[in-house]
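Asks: After the sequence you'll find the predicted model.
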Amino acid sequence: MAQPAASLASVCVFCGSSDAADPQFLSAARTLGTGLAKADLKLVYGGGGVGLMGACARAASQAGGQVLGIIPDFLVGRERALETVEHVIVTSMHQRKMMMFERSDAFVILPGGIGTLEEVVELLSWRRLELHAKPVVFYNPRNFWKTLFDCFQMTVDEKLTPPDFMHSWRSVERIEEIIPALHDMAASAGGAAAIARKA
């Protein structure tokens, strides 16, 4: 079984890259970036300067936080790589996701499109396979993720996924609840791991 990190030092944020996103989502991304910096948590993200991810990264950097962007070479122009923060250019989406995973102690899911969905499903699939026990928190304003959660529940109801999978993440409605939820999940996972080691 995968062991969780003892404490949180870095947080990966998966989110949309569209500048046409709801202004409230963009504002929430900026608030999260500032909050991560103030909490001394390094932001790991997809490296672009557009959409929610650009808003989050700029806010974290402007608040004095550490930021690491990881972006494939073919997206450098399309997603306008944010060169004002530390960044790594890789050669594929697979390499990008693996590096983001390896460099992060926890994950936050903000509203996003098909790319964000793809990242989330892989992340939770790895959790289902016990390849990691890192905290995962969804920011769920106006029930943005309800349809996805319902889809997950349907696979449980059809006995295609075990019921405990539905406890693999937390969902919060307020951006200010994200960082406390991450710490709470990390503490709970650490306690469970300690009990398992004693058993």
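Replies: Received the coordinates, thanks.

Asks: what residues are up against Val85?
Replies: For Val85, the contact set (CB atoms under 8 Å, 6 or more residues apart in numbering) comprises 57, 61, 67-69. C-betas here are computed from N, CA, C, even on glycine.

Asks: One more pass at 6 Å, please.
Replies: 57, 61, 67, 69 (CB atoms under 6 Å, 6 or more residues apart in numbering).

Asks: now it, nearest residue through space, not along the chain?
Replies: Of all residues not flanking Val85 in the chain, Val67 sits nearest, at 4.0 Å (CB to CB, 6 or more residues apart in numbering).

Asks: ok, and the most crowded of the contacts of Val85?
Replies: In terms of neighbour count, Ala57 stands highest of the contacts of Val85 at 30 neighbours, by other CB atoms under 10 Å.

Asks: Now intersect the contacts of Val85 with the strands, please.
Replies: Of the contacts of Val85, the ones assigned to strands by DSSP state E are 67, 69.

Asks: Show me which pair in the contacts of Val85 is furthest apart.
Replies: Ser61 and Gly69 (10.0 Å; CB to CB).

Asks: so where do the strands sit in this protein?
Replies: Using DSSP E, the strands of the chain run over residues 10-14, 42-45, 67-72, 86-90, 106-109, 136-139, 170-172.

Asks: Including mean pLDDT, could the ones you listed go into a markdown table?
Replies: Listed next are those as a markdown table, based on pLDDT from 0 to 100:
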| stretch | mean pLDDT |
| --- | --- |
| strand 10-14 | 98 |
| strand 42-45 | 98 |
| strand 67-72 | 96 |
| strand 86-90 | 94 |
| strand 106-109 | 98 |
| strand 136-139 | 98 |
| strand 170-172 | 98 |
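
Asks: who wins for proximity to Ala29 among the ones you listed?
Replies: Of all the strands of the chain, strand 10-14 sits nearest to Ala29, with 7.9 Å by CB to CB.

Asks: picking up where we left off before, can you tell me how far the residue nearest to Val85 sits from Val13?
Replies: Distance, Val67 to Val13, using CB to CB, to the nearest Å: 10 Å.

Asks: same deal with Ala28?
Replies: In this view, Ala28 and Val13 are 11 Å apart by CB to CB.
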